[in-house]
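Enquirer: Could you look at this predicted model? Sequence included:
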Amino acid sequence: SIQVGGLKGRVRMAKPRNAATEVYGFAVYLTSFVVMFVILVWAYVPESGLHAMGVYYFPSKYWAIAAPMFLLFSFMMVPVVYVGVNFRTAVAFHAPNAYTPPETYTATDRDRHLRAQQLGSVPPIYDLPTALVNRAMFAD
């Protein structure tokens with residue numbers, strides 16, 4: 001019997017369902033080190049050294065710099081492209097096909113507003129049109 005956080009009772013350990021996941025993960029981990037070692041040998045050893053090791057077919061050394069730079073640039077462009085795609089696909093706030101839910105109370109719902117004034121109470125809260133908010137916040 002073990003007491004944990006004020007609770008007293010038996011603690012059961014969860015049994016792993018499948019050990020293959022850990023084995024595959026470890027294999028990929030080791031493979032990544034082997035691949036990195038091969039790439040570094042290819043990048044730093046001169047061609048005569050590679051020929052001495054019996055390696056005659058390999059890519060140009062240009063790719064030792066170009067490929068990592070391309071990957072780095074690609075990863076840096078992901079947020080820029082993501083924001084650009086969202087801006088491109090978004091509907092303009094003042095567009096007539098922009099969705100406005102039917103439950104929206106706008107200032108044009110005069111009946112509700114007048115009824116509240118006649119009863120002497122505070123008028124209900126209403127939503128401002130998005131075009132009006134954009135004009136107020138982003139006008140020059």
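Expert: Looks like it arrived, so ask away. Residues are numbered from 1 along each chain as shown.
Enquirer: Strands along the chain, start to end?
Expert: 2-4, 7-9 (DSSP state E).
Enquirer: pLDDT averaged over the first one - what is it?
Expert: When you say that, I think you mean strand 2-4. Strand 2-4 carries an average pLDDT of 59.
Enquirer: Kindly report the same for stretch 95-109.
Expert: Per-residue pLDDT values over stretch 95-109 give a mean of 69.
Enquirer: now do stretch 78-90
Expert: Mean pLDDT, stretch 78-90: 92.
Enquirer: Skipping adjacent residues, who's closest to Ala92 in space?
Expert: Closest residue to Ala92 apart from its sequence neighbours, by Cβ to Cβ, 6 or more residues apart in numbering: Ala98 at 7.0 Å. All C-beta spots, glycine's among them, are computed from the backbone N, C-alpha and C.
Enquirer: How about the contacts made by the one you found?
Expert: Ala98 makes contacts with Val91, Ala92, Thr130, as judged by Cβ atoms under 8 Å, 6 or more residues apart in numbering.
Enquirer: rerun that using 10 Å as the cut-off
Expert: Ala98 makes contacts with Ala90, Val91, Ala92, Thr130, Ala131, as judged by Cβ atoms under 10 Å, 6 or more residues apart in numbering.
Enquirer: Between these, which sits nearest Ala27?
Expert: Nearest to Ala27 among these is Ala90, at 43.7 Å by Cβ to Cβ.
Enquirer: Pull the number of nearby residues for the closest one.
Expert: Applying other Cβ atoms under 10 Å, we find 10 residues neighbouring Ala90.
Enquirer: before we move on, what about Asn134?
Expert: Neighbour count for Asn134, taken as other Cβ under 10 Å: 13.
Enquirer: Check the gap between it and Thr31 for me.
Expert: Going from Asn134 to Thr31 by Cβ to Cβ, to the nearest Å gives 52 Å.
Enquirer: Check Val55 too.
Expert: From Val55 to Thr31 the distance is 19 Å (Cβ to Cβ).
Enquirer: Just want to know which of those two has more residues nearby.
Expert: Neighbour totals were compared for Val55 and Thr31, and Val55 leads with 14 against 10 (other Cβ under 10 Å).
Enquirer: gap between stretch 127-136 and the chain center?
Expert: Offset of stretch 127-136 from its chain centre (Cα atoms, centre = their mean, to the nearest Å): 29 Å.
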